[in-house]
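K.L.:
test case, fold it:
(chains A, B, C and D)
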There are 4 protein chains.
Amino acid sequence: MSIDPRIQASFDRQSMMVTLGATLAETGNGTATISAPILPGSTQQQGFGHAGLTFSIGDSAAGYAALTLIPDHQEVVTAEIKINLIAPAKGDRLIARGRVIKPGRRLIVVTSDVYAESGGIERHIACLMGTMVPVDL
Amino acid sequence: MSIDPRIQASFDRQSMMVTLGATLAETGNGTATISAPILPGSTQQQGFGHAGLTFSIGDSAAGYAALTLIPDHQEVVTAEIKINLIAPAKGDRLIARGRVIKPGRRLIVVTSDVYAESGGIERHIACLMGTMVPVDL
Amino acid sequence: MSIDPRIQASFDRQSMMVTLGATLAETGNGTATISAPILPGSTQQQGFGHAGLTFSIGDSAAGYAALTLIPDHQEVVTAEIKINLIAPAKGDRLIARGRVIKPGRRLIVVTSDVYAESGGIERHIACLMGTMVPVDL
Amino acid sequence: MSIDPRIQASFDRQSMMVTLGATLAETGNGTATISAPILPGSTQQQGFGHAGLTFSIGDSAAGYAALTLIPDHQEVVTAEIKINLIAPAKGDRLIARGRVIKPGRRLIVVTSDVYAESGGIERHIACLMGTMVPVDL
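P.N.:
You can find the predicted model right below:
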């Protein structure tokens, strides 16, 4: 369990992650994990986590998974991403695990799975699949 | 320009919309518009609006567009939605316009376009296409 | 109603379009239209047009819409595309209308709508949204 | 390696699969595998397999993976599916492996990976993620 300082530095500049209470839990070689509580200010109309919360950490985990594989003079931006929401976001916290499916110089295909943890048990609540684009800093 | 009180009541229960500073601007027959500033707490690492902000208001606008067409004893939840991000989220505020493409008893196909407004000029920054599912309250 | 000879030449090299009986009906500035019958060899298990037929002409119409906007020394390939199927593909023929949402040097965001025509009446059966990538010939 | 006769019977009614030369290779508990050659009539303008071929077998494999999990009096139809094309479809044949991510009474979330095999080596060329809907026969 380690965190690439470059990814942490980028993460720390994402004020949205602070707003959502999210933390970077781990980065690997083409992987990144982000977790976040379901804050009182992050819910939808039924009191569950908003799709925007699940999306935000799922998208960022996928983006940072891509960032682990590209040169230091580049960043990544999300070109497109799709989310399938498969269960309500309820529990103690959400965990998003991003992973690169296919690296590339122009396009990086990524996926992310989001889980809701309750009492140590994880339930799969969403899956994302998308495209990240490397851009020069 | 009017707002359905039922949609407003549901919107007011979405604490995520409050966190993002979003407001419900209009609802119609199969349409809904949400706007939001780019708050200091809603940015990505380059200081632009986070994809999670654009997604959150785009998804909610699409969901509320669907809600305008279903019976009072039902809510909608997002089954899946895809976002293509076509320009950086920078400007005075973002505007998401949701619209029902195809109503249905089991599935409602929706779309949403998000614009960034600067000095009265709108730039198209994202488009979403997804599926809402009516669920009994 | 005109057809760009460059688009027609590329279309004629897509043997899949011949197999499906598809024809290029029109090209414009960032638009392209393809139509196809529902051949006996293009159905799914219930006898309606296969999702693969609807997808094939929808994807190609979107790709050719993009091709109308790029330099002659380039082609486009589909990076990703999503289809929402909203009604069964039944009728005399299918018509796919592709359109560029956002041109770009690296990525071109496209959309396509597919209709089923019966007795002169069109029914909307699918919508697609995706990303085309220009590549050098 | 076995094939559920019910899935085979449905597959045999999909004339599109015959047109593409596709065969059902295996079905399991929430899984299905389809393979297809790249026929002379299934190519795009550069001579590689058309995205419509890759999509057709990827979508059908995902749909049949879902069908293995639902009651005999029901069929499934694709509500929506997204494909990311990550490498050209070239090789001896394509293999699509579908899998259910999340079963459900109303919606079944599925995924599919498509590989191109050349000389016994498989290359990952596409991934799909979508939603199947059970419908009564």
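
K.L.:
remind me, longest strand of chain A?
P.N.:
strand A:121-136 (DSSP state E).

K.L.:
distance from that strand to the middle of the chain?
P.N.:
How far strand A:121-136 lies from its chain's middle: 6 Å, per C-alpha atoms, centre = their mean, to the nearest Å.

K.L.:
repeat for stretch A:11-21
P.N.:
Relative to its chain's centre, stretch A:11-21 lies at 12 Å (C-alpha atoms, centre = their mean).

K.L.:
which element, helix or strand, includes A:Arg106?
P.N.:
Counting by DSSP states H and E, there is no helix or strand that carries A:Arg106.

K.L.:
wait, it touches C:Val133, no?
P.N.:
Yes. Counting by C-beta atoms under 8 Å, C:Val133 is a contact partner of A:Arg106 at 7.1 Å. C-beta here means a position set from N, CA and C on the backbone, and glycine is covered the same way.

K.L.:
looking at the two, which is more packed in?
P.N.:
C:Val133 (21 against 12; other C-beta atoms under 10 Å in any protein chain shown).

K.L.:
give me the nearest residue to the more buried one, chain neighbours excluded.
P.N.:
The shortest distance from C:Val133 to any non-neighbouring residue, by C-beta to C-beta, 6 or more residues apart in numbering or on different chains, is to C:Ala79 (4.8 Å).

K.L.:
ok, that neighbour - contacts?
P.N.:
Residues in contact with C:Ala79, defined by C-beta atoms under 8 Å, 6 or more residues apart in numbering or on different chains, are A:Ala79, A:Leu107, A:Thr131, C:Leu107, C:Gly130, C:Thr131, C:Met132, C:Val133, D:Asn84, D:Leu85.

K.L.:
about what we covered before: and the angle for the longest strand of chain A with strand D:121-136?
P.N.:
Here strand A:121-136 points in a direction 130 degrees away from that of strand D:121-136 (axes from the mean of the first three to the mean of the last three C-alpha atoms, to 10 degrees).

K.L.:
restrict strand A:121-136 to CA atoms and write it as CSV.
P.N.:
Presented in CSV, the C-alpha positions along strand A:121-136 are these (Å, rounded to 0.1, in the frame of the first residue of the first chain):
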residue,chain,number,x,y,z
ILE,A,121,-18.4,-5.7,4.2
GLU,A,122,-18.2,-4.2,0.7
ARG,A,123,-21.1,-4.1,-1.7
HIS,A,124,-20.5,-3.3,-5.4
ILE,A,125,-22.5,-0.1,-6.2
ALA,A,126,-21.2,1.2,-9.5
CYS,A,127,-19.0,0.5,-12.5
LEU,A,128,-17.5,3.1,-14.8
MET,A,129,-15.7,2.8,-18.1
GLY,A,130,-14.1,5.7,-20.0
THR,A,131,-11.4,7.4,-21.8
MET,A,132,-8.6,9.6,-20.4
VAL,A,133,-6.6,11.9,-22.6
PRO,A,134,-3.0,12.9,-21.8
VAL,A,135,-2.4,16.7,-22.2
ASP,A,136,0.9,18.6,-21.8
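
K.L.:
who does that strand pair up with?
P.N.:
strand A:74-85 (antiparallel), strand A:108-118 (antiparallel) (DSSP bridges).

K.L.:
to C:Ala126, which of the ones you listed lies closest?
P.N.:
Closest to C:Ala126 of the strands paired with strand A:121-136, according to C-beta to C-beta: strand A:74-85, at 16.2 Å.

K.L.:
do the next helix or strand after that closest one and chain B meet?
P.N.:
Using DSSP H and E, the next helix or strand after strand A:74-85 towards the C-terminus is strand A:93-102. No. Strand A:93-102 stays out of contact with chain B when judged by C-beta under 8 Å from any C-beta of the partner chain, the minimum separation being 11.3 Å.

K.L.:
circling back to that earlier point, please identify every residue contacting each of A:Arg106 and C:Val133.
P.N.:
Common contact partners of A:Arg106 and C:Val133 (C-beta under 8 Å, 6+ apart): C:Arg106.

K.L.:
for chain A, give me the ranges with low pLDDT.
P.N.:
Along chain A, no part satisfies pLDDT under 70.

K.L.:
residue nearest the centroid of it?
P.N.:
For chain A, the residue sitting closest to the mean C-alpha position, by C-alpha atoms, centre = their mean, is A:Ala61 at 2.4 Å.

K.L.:
give the buried residues for stretch A:32-49.
P.N.:
By neighbour count on 16 or more other C-beta atoms under 10 Å in any protein chain shown, the buried set for stretch A:32-49 is A:32-39, A:41-45, A:48-49.

K.L.:
distance between it and the chain's centre?
P.N.:
Offset of stretch A:32-49 from its chain centre (C-alpha atoms, centre = their mean): 13 Å.

K.L.:
any chance you could give me that stretch in PDB, C-alpha atoms only?
P.N.:
In PDB, the C-alpha atoms belonging to stretch A:32-49 read as follows (Å, rounded to 0.1, in the frame of the first residue of the first chain):
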ATOM      1  CA  ALA A  32      -5.600   4.100  -7.900                       C
ATOM      2  CA  THR A  33      -8.000   3.900  -5.000                       C
ATOM      3  CA  ILE A  34     -10.000   6.700  -3.500                       C
ATOM      4  CA  SER A  35     -12.300   6.500  -0.500                       C
ATOM      5  CA  ALA A  36     -14.900   8.900   0.800                       C
ATOM      6  CA  PRO A  37     -17.600   9.000   3.500                       C
ATOM      7  CA  ILE A  38     -21.200   9.800   2.600                       C
ATOM      8  CA  LEU A  39     -21.200  13.300   4.100                       C
ATOM      9  CA  PRO A  40     -24.500  14.900   5.100                       C
ATOM     10  CA  GLY A  41     -23.900  17.300   2.200                       C
ATOM     11  CA  SER A  42     -23.400  14.600  -0.500                       C
ATOM     12  CA  THR A  43     -26.800  13.000  -0.600                       C
ATOM     13  CA  GLN A  44     -29.600  12.700  -3.200                       C
ATOM     14  CA  GLN A  45     -33.300  13.100  -2.300                       C
ATOM     15  CA  GLN A  46     -33.700   9.700  -0.500                       C
ATOM     16  CA  GLY A  47     -30.700  10.300   1.700                       C
ATOM     17  CA  PHE A  48     -28.300   8.000  -0.100                       C
ATOM     18  CA  GLY A  49     -25.100   9.100  -1.600                       C
END
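
K.L.:
say whether chain B is contacted by it.
P.N.:
Yes. Stretch A:32-49 is in contact with chain B by C-beta under 8 Å from any C-beta, via A:Leu39, A:Pro40, A:Gly41, A:Ser42, A:Thr43, A:Gln44, A:Gln45, A:Gln46, A:Gly47.

K.L.:
what comes up buried for the one helix or strand A:Ala65 maps to?
P.N.:
Per DSSP H and E: A:Ala65 is located in helix A:51-67. Using 16+ other C-beta under 10 Å as the test for burial, helix A:51-67 gives A:51-67.

K.L.:
one more: stretch A:67-74?
P.N.:
Result for stretch A:67-74 [16+ other C-beta under 10 Å]: buried residues A:Leu67, A:Thr68, A:Leu69, A:Ile70.

K.L.:
ok, of those residues, which one's closest to B:Ile121?
P.N.:
A:Leu67 (32.3 Å).

K.L.:
check contacts around A:Ile34.
P.N.:
The neighbours of A:Ile34, taking C-beta under 8 Å, 6+ apart as the test, are A:11, A:17, A:22-25, A:57, A:60-61, A:64, A:95-96, A:98.

K.L.:
I'd like these as TSV, with distance to C:Gly91 appended.
P.N.:
Below are the contacts of A:Ile34 laid out as TSV (distance: C-beta to C-beta, whole Å):
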residue	distance to C:Gly91
A:Phe11	51
A:Met17	49
A:Ala22	49
A:Thr23	53
A:Leu24	52
A:Ala25	52
A:Ile57	44
A:Ser60	44
A:Ala61	43
A:Tyr64	47
A:Ile95	47
A:Ala96	43
A:Gly98	42
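
K.L.:
from what I can see A:Ser56 touches B:Thr54, true?
P.N.:
No. Applying C-beta under 8 Å as the test, A:Ser56 and B:Thr54 come out as separate, 10.2 Å apart.
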